[in-house]
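Chemist: the following comprises the amino acid sequence and a computationally predicted model.
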Amino acid sequence: MPVSPSDFHELVLAARTCRRFVEDEPLTMDDLDWLVDCARLTPSARNAQVLRFILVTKGQVLDELFKLTRWAGALKEGGTPKPGERPTAFIAILAPKEGAPLAPYDAGIASETIQLAAATRGWGCCIIYSVNRKDAAPLLKVPADMDIPLALGLGVAKEERAIAEMPADGSFNYWRDAQGVHHVPKRGLAELVIGRFGA
Ligand SMILES: Cc1cc2nc3c(=O)[nH]c(=O)nc-3n(C[C@H](O)[C@H](O)[C@H](O)COP(=O)(O)O)c2cc1C
């Protein structure tokens, strides 16, 4: 379900990581261009805009790249999307290997912006650090002086996701219930804000 950006808190709530997608409604290059167009307008250290993007829609490169990614390591039953539920697109975020120490921050900002933008259209996004970079680099023809800090798996969202209270034992692992709903525990404000100065 697309979420209206008129209520920002609601949008952030809806923009949970998604790992199951409607595989027979693939995203297009135009869709990915729109997402990157949102990301390109975000803050960037020194405004140097060092990130580059490689866009992948359905086809052999997508299938190969999918095999090089690791999904939902915390799920005992395994979280790799099954056939029929796999991402229909990837955006690989590229950053210079040298000379841009703040690029990982830029990559984080770009990733979350894309995840939020995707949610406004009913698309899901999974930010992925666990990429086999050695094999992904030649597959995607990544320039020799660039690395892939993050890859984003994308598609029309199929997974129901919900925020949960942190369990009493403090475990931050996400879980799926018997109905397949993916629950993500989040720490409360009182735990996170450890200082206040002023009224
Ligand atoms: C920097 C970063 C790297 C991540 N890497 C992976 C990954 O490799 N595989 C994966 O399935 N999820 C990955 N995630 C998604 C997190 O597991 C997810 O954000 C977390 O479980 C909280 O869920 P939420 O995004 O719905 O709040 C990553 C998220 C971030 C921010």
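Modeler: Structure's in. What do you need?
Chemist: tally up the residues packed near Leu65, please.
Modeler: 23 (other CB atoms under 10 Å). From N, CA and C alone the C-beta is placed, and that goes for glycine too.
Chemist: mind checking the SS state of it?
Modeler: Three-state assignment for Leu65 (DSSP: H, G, I helix; E, B strand; the rest coil): helix.
Chemist: now name the helix or strand holding the residue nearest to it when sequence neighbours are not counted.
Modeler: Spatial nearest neighbour of Leu65, excluding adjacent residues (CB to CB, 6 or more residues apart in numbering): Phe90 at 5.4 Å. Assigned by DSSP states H and E, Phe90 belongs to strand 89-96.
Chemist: helices and strands around that strand, which ones?
Modeler: helix 29-39, strand 52-57, helix 60-67, helix 103-120, strand 146-156 (3 or more CB pairs under 8 Å, 6 or more residues apart in numbering; DSSP states H and E).
Chemist: okay, which residue is most central for this structure?
Modeler: Ile127 (2.5 Å; CA atoms, centre = their mean).
Chemist: show the pLDDT at the nearest residue to that one once chain neighbours are set aside.
Modeler: Nearest residue to Ile127, sequence neighbours excluded (CB to CB, 6+ apart): Ser111, at 4.7 Å. pLDDT for Ser111: 98.
Chemist: list the residues that contact Ser111.
Modeler: 93, 127, 150, 152 (CB atoms under 8 Å, 6 or more residues apart in numbering).
Chemist: test my guess that the residue nearest to the centre of the chain contacts Ala118.
Modeler: No: using CB atoms under 8 Å, Ile127 is not in contact with Ala118; the gap is 10.9 Å.
Chemist: and of the contacts of Ser111, the nearest to the ligand?
Modeler: Ile127 (4.1 Å; CB to the nearest ligand atom).
Chemist: what's the distance between the nearest residue to Ala39 once chain neighbours are set aside and Cys18?
Modeler: Distances taken as CB to CB, 6+ apart place Ala110 nearest to Ala39, at 4.1 Å, with adjacent residues excluded. Distance, Ala110 to Cys18, using CB to CB, to the nearest Å: 17 Å.
Chemist: tell me the residues on this protein that lie near the ligand, please.
Modeler: 16-17, 70-72, 126-130, 174, 184 (CB under 6 Å from any ligand atom).
Chemist: top of those residues by neighbour count?
Modeler: If you rank the residues of the chain next to the ligand by neighbour count (other CB under 10 Å), Cys126 sits at the top with 25 neighbours.
Chemist: any stretches of the protein with poor pLDDT?
Modeler: Applying pLDDT under 70 to the chain flags residues 5.
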